[in-house]
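> Show me how the following folds:
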Amino acid sequence: MAKRGKKYQQAAAHINPELEYSLEEACDLVKKTSVTKFDASVDIDIRLGVDPRHADQMVRGTVSLPHGTGKEVRVLALVNPAKQDEAREAGADHVGLDEYIEQIEGGWADIDVIIATPDVMGKLGKLGRFLGPRGLMPNPKSGTVTMDVGAAVKQVKAGQIDFRVDKAGILHTAIGKASFNSDALKENAEAFLQTVMKLKPSSAKGTYVKSVYMSTTMGPSIPISRTAVTSLN
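Sure thing, here's the model as predicted:
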C-alpha cells in the first residue's frame, strides 16, 4: 500500500480507530480532517446487510437535503416543445430533445441529472448504454421521469439527491461540503440516514446497517456508531 502523505497522516491522527463516533462528533471531526486545497465533499458510506442481486432487496431512493449539497447541479431536461419553457423557467441548464440525444450518443455527458417526461422515454431507450453506467438514466422511482418537470428541476437544484446501493451492498453519497458548519452537515446527514432506514426491505434478514463512515474527499474515514444511525428510524 502506498504511504499516505503528511497531511493525511496529520488528519488521521484526530481519529481514534478504536472508537465509533456519534453523528454530532463525526460532523465536527470531518471538518478537521479535510486534506484538500479545494472545498472537499463530505461523503457518507453505509454497508448494508442486503443482497442487491435480489430485486426485493434493492435500496434506492431520493432525499432533499435541508442545506443542499453545496454543489452546482447541472440539469438537462429532455422534453417535447410543450414542456421546454417550463423546464427553462425552473432553472434547467440544458433543455431540448433530439439534438441532445444526438450529443449524448456522441459521448457528451457534461451534466449531473437528466429529467424527462414519460412521453419521450421511448426515444431514450437507446441511450441506456451511455447513461446507465454513469447513473444518469431517468427513472420514475427517483422522480426524474415526470410530467411535473418544473417541480422536478427545482427539487434537484435545491439539493435533492438520488442514491442507490451498489453490487457490494454499499450506499455512497455526498451530503455537503467541508465548508458547511457542523450543524448543517448533521441535519443533512440525518435526513439522508432517516430515509435509508425507512427503505429497509422487509425481505432483508439480520443486521440492516453493518457499518457507517463519514469522510471528506481524499480524507480519512470516521467510523460512526450504528446505534446513532438506527435510532433515527
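
> what stretches of the chain score poorly on pLDDT?
Low-confidence segments of the chain (pLDDT under 70): 1-3.

> how about the helices in it?
6-12, 23-32, 81-90, 98-105, 121-124, 128-131, 149-158, 182-198, 226-230 (DSSP state H).

> Out of these, which gets nearest to Ile115?
Closest approach to Ile115 among the helices of the chain is made by helix 149-158 (4.9 Å; Cβ to Cβ). For the C-beta atoms, the positions are set from N, CA and C on the backbone; glycine is no exception.

> Which other helices and strands does that closest one contact?
strand 75-78, helix 81-90, strand 113-116 (3 or more Cβ pairs under 8 Å, 6 or more residues apart in numbering; DSSP states H and E).

> Show me what the last one is in contact with.
Contact partners of strand 113-116, identified using Cβ atoms under 8 Å, 6 or more residues apart in numbering, comprise 73-79, 87, 92, 124, 131, 136-138, 144-146, 149, 152-153, 156, 162.

> picking that back up, can the helices and strands packed on helix 149-158 go into JSON lines with extra columns for mean neighbour count?
Converted to JSON lines, the helices and strands packed on helix 149-158 look like this (neighbours: other Cβ atoms under 10 Å):
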{"stretch": "strand 75-78", "mean neighbour count": "26"}
{"stretch": "helix 81-90", "mean neighbour count": "16"}
{"stretch": "strand 113-116", "mean neighbour count": "26"}
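
> Can you add distance to Glu25 and give those back as TSV?
Shown next, in TSV, are these (distance: least, Cβ to Cβ, whole Å):
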stretch	distance to Glu25
strand 75-78	35
helix 81-90	39
strand 113-116	32
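
> Nearest to Arg4, out of those?
Checking the helices and strands packed on helix 149-158 against Arg4 by Cβ to Cβ gives strand 113-116 as the closest, at 33.9 Å.

> Can you give the distance from that closest one to the centre of its chain?
The gap between where strand 113-116 is centred and where its chain is centred comes out at 15 Å by Cα atoms, centre = their mean, to the nearest Å.

> and stretch 31-43, how far out from the chain's middle?
So, by Cα atoms, centre = their mean, the centroid of stretch 31-43 is 17 Å from its chain's centroid.

> what's the span of that stretch, first residue to last?
12 Å (Cα to Cα, to the nearest Å).

> With stretch 123-143 instead?
For stretch 123-143, the first-to-last residue distance is 18 Å (Cα to Cα).

> Bridge partners for the spatially most central residue of the chain, pull those for me.
With distances taken as Cα atoms, centre = their mean, Thr173 lies nearest the centre of the chain, 3.9 Å away. When bridges are called by DSSP bridges, Thr173 pairs up with Ile44.

> for Gly61, same thing?
Assigned bridge partners for Gly61, using DSSP bridges, are Phe163.
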